[in-house]
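# next one to model:
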Amino acid sequence: MFKSLLSLFRSDNNNPEARAASARIDRLVDIADPAIRQARRFHSALVDPVEAAASYCNSMTEQIPGPLVLDRNTYYNDPSVKPLFASYDEMQLLLHHHQNTKADLPTGENGKAVALLTMIQEEKTIFAPRQTGDLIEKDVMQKSVNFSDHRLVAVSDSLADAKGWVTDRGLDVLATYAMEHITQLKTKKAELREKIAYLRGASTIVSGKIRAHGGFGVPDPALEEKLDTIRTTLASAEKELAETNELLSYPDDSLKYLIRVLQTAADLLTVDHRTFRLDWKNVVVDDSDETGKDTILAKFSLSDELTRYAVFVTFTLDT
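Numbering: from 1, shown residues only. Prediction:
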């Protein structure tokens, strides 16, 4: 029996998938709070939550449209690509001044690289002529859509590799979300301890002054009032610290919060398709308008804190 169990563990250690899963857990722990390593059996506690969150992030990745082709020869005639950039030069600038140099950019089949293009979507109201049939109206209020802050991430040799990178970054985003909460609690505890130490010192000083004044039979109502205020504030700070300690005192607390974030990934990190029907000026038009072309993107949102639009793209280094 013992040999059988030992063989199983050895098999897991030599299993590439098991090693990758273990490394993924270690990475998320390092992001969220390295102190989690002090929690008993933290690794086994995170196996299922991380696997479930990874499955969810993978399903999100599969919803991202593309890849679109970023190419100078087709830019002006490609209704899927042209609306994403203010100009051809903007697209070129993104490709040539991305954080990766040409030497760093991987290339897959036919020298092409695949990446995730992310951006911010902006809407503004404009007044411009509009043609409806044979009728041309002047100064009609319309909505214009533009995209800015373009970023290329997950630059890879293949679409599969790019999707794998995005899935891992989704997990990192969740771990970072947990880290922010844990760090806020740690900072709050440190600030409260500092405040309590200061108030205790102030209480000692004021109490000493009151005793000194009392020794001469000259009570000071102002000092008594000040001491009451200090003691009230001190009691409030001590209560707040006790409540914060209940939320985060031990590595187990950080572990529990990370697990909670991973288990609620679908509530925190969301993705849905957005279709923009735009004319050649990026003005929103009705579905029935034949001058409009559909631009389909994925909209990513993190707990109402961050929103970006995304699509997979492919390009060559000499584009």
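
# contacts only, for the closest residue to Gln263 other than its chain neighbours.
Spatially, and ignoring its direct neighbours in sequence, Gln263 is nearest to Pro49 (5.5 Å; CB to CB, 6 or more residues apart in numbering). Where C-beta positions appear, they are placed from N, C-alpha and C, glycine not excepted. By CB atoms under 8 Å, 6 or more residues apart in numbering, the contact set of Pro49 is Leu258, Ile259, Leu262, Gln263.

# average pLDDT across the strand or helix carrying the first one?
Looking back up the chat, that one is Leu258. Using DSSP states H and E, Leu258 sits in helix 251-263. Mean pLDDT, helix 251-263: 92.

# please apply the same query to stretch 285-297.
Here stretch 285-297 scores 72 as its mean pLDDT.

# how long is that stretch from one end to the other?
Counting by CA to CA, to the nearest Å, you get 17 Å between the two ends of stretch 285-297.

# could you number the chain from 38 rather than 1 from now on?
New numbering, starting at 38: the last item is stretch 322-334.

# what's the nearest residue to Thr351 if we skip its chain neighbours?
Spatial nearest neighbour of Thr351, excluding adjacent residues (CB to CB, 6+ apart): Pro104 at 4.3 Å.

# phi, psi of that neighbour?
Note on Pro104: its backbone torsions stand at phi -90, psi 140 [degrees, to the nearest 10].

# now swap in the one 5 residues further on and tell me
Per-residue torsions, Arg109: phi -70, psi -30 (degrees, to the nearest 10).

# by neighbours, which of the contacts of Pro86 wins?
Leu295 (29 neighbours; other CB atoms under 10 Å).

# related to what we said a few turns ago, and the helix holding Leu295, how far out from the chain's middle?
A distance of 17 Å separates the centroid of the chain from that of helix 288-300, by CA atoms, centre = their mean, to the nearest Å.

# thinking again about what came up before, what helix or strand does the residue nearest to Gln300 sit in?
Going by DSSP H and E, Pro86 is part of helix 79-98.

# report the rounded mean pLDDT for the very next helix or strand once past that helix.
The helix or strand immediately downstream of helix 79-98 is strand 105-106, counting by DSSP H and E. Per-residue pLDDT over strand 105-106 has a mean of 91.

# what about strand 105-106, distance to the chain center?
Offset of strand 105-106 from its chain centre (CA atoms, centre = their mean): 25 Å.

# which strands or helices does it pack on?
Here strand 105-106 touches strand 343-353, going by 3 or more CB pairs under 8 Å, 6 or more residues apart in numbering; DSSP states H and E.

# so what strands line up beside the strand it packs on?
strand 105-106 (parallel), strand 149-169 (antiparallel), strand 330-339 (antiparallel) (DSSP bridges).

# how about it: buried residues?
Arg345, Tyr346, Ala347, Val348, Phe349, Val350, Thr351, Phe352, Thr353 (16 or more other CB atoms under 10 Å).

# can I get the strands paired with strand 343-353 in TSV including mean neighbour count?
Formatted as TSV, the strands paired with strand 343-353 follow (neighbours: other CB atoms under 10 Å):
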stretch	mean neighbour count
strand 105-106	18
strand 149-169	16
strand 330-339	18
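
# mean pLDDT for those: which is lowest?
strand 149-169 (a mean of 79).

# give me the residues contacting the helix or strand containing Arg56.
Arg56 belongs to helix 53-69 when assigned by DSSP H and E. Helix 53-69 has contacts (CB under 8 Å, 6+ apart) with 49-50, 73-74, 79-80, 83-84, 87-88, 91, 205, 208-209, 211-213, 215-216, 219, 291, 294-295, 298-299.

# re the thing from before, quick check, nearest of the buried residues of strand 343-353 to Tyr235?
The shortest approach to Tyr235 among these belongs to Arg345, at 42.7 Å (CB to CB).

# bridged to the closest one, which residues?
Beta-bridge partners, per DSSP bridges, of Arg345: Phe337.

# give me the phi and psi for Leu229.
Leu229 has phi and psi values of phi -70, psi -40 when expressed as degrees, to the nearest 10.

# nope, Leu107 is what I was after
Main-chain torsions, Leu107, degrees, to the nearest 10: phi -90, psi 100.

# Lys276 now?
Dihedral angles for Lys276 - degrees, to the nearest 10 - are phi -70, psi -40.

# now swap in the one 4 residues further on and tell me
Geometry field for Glu280 lists phi and psi as phi -70, psi -40, criterion degrees, to the nearest 10.
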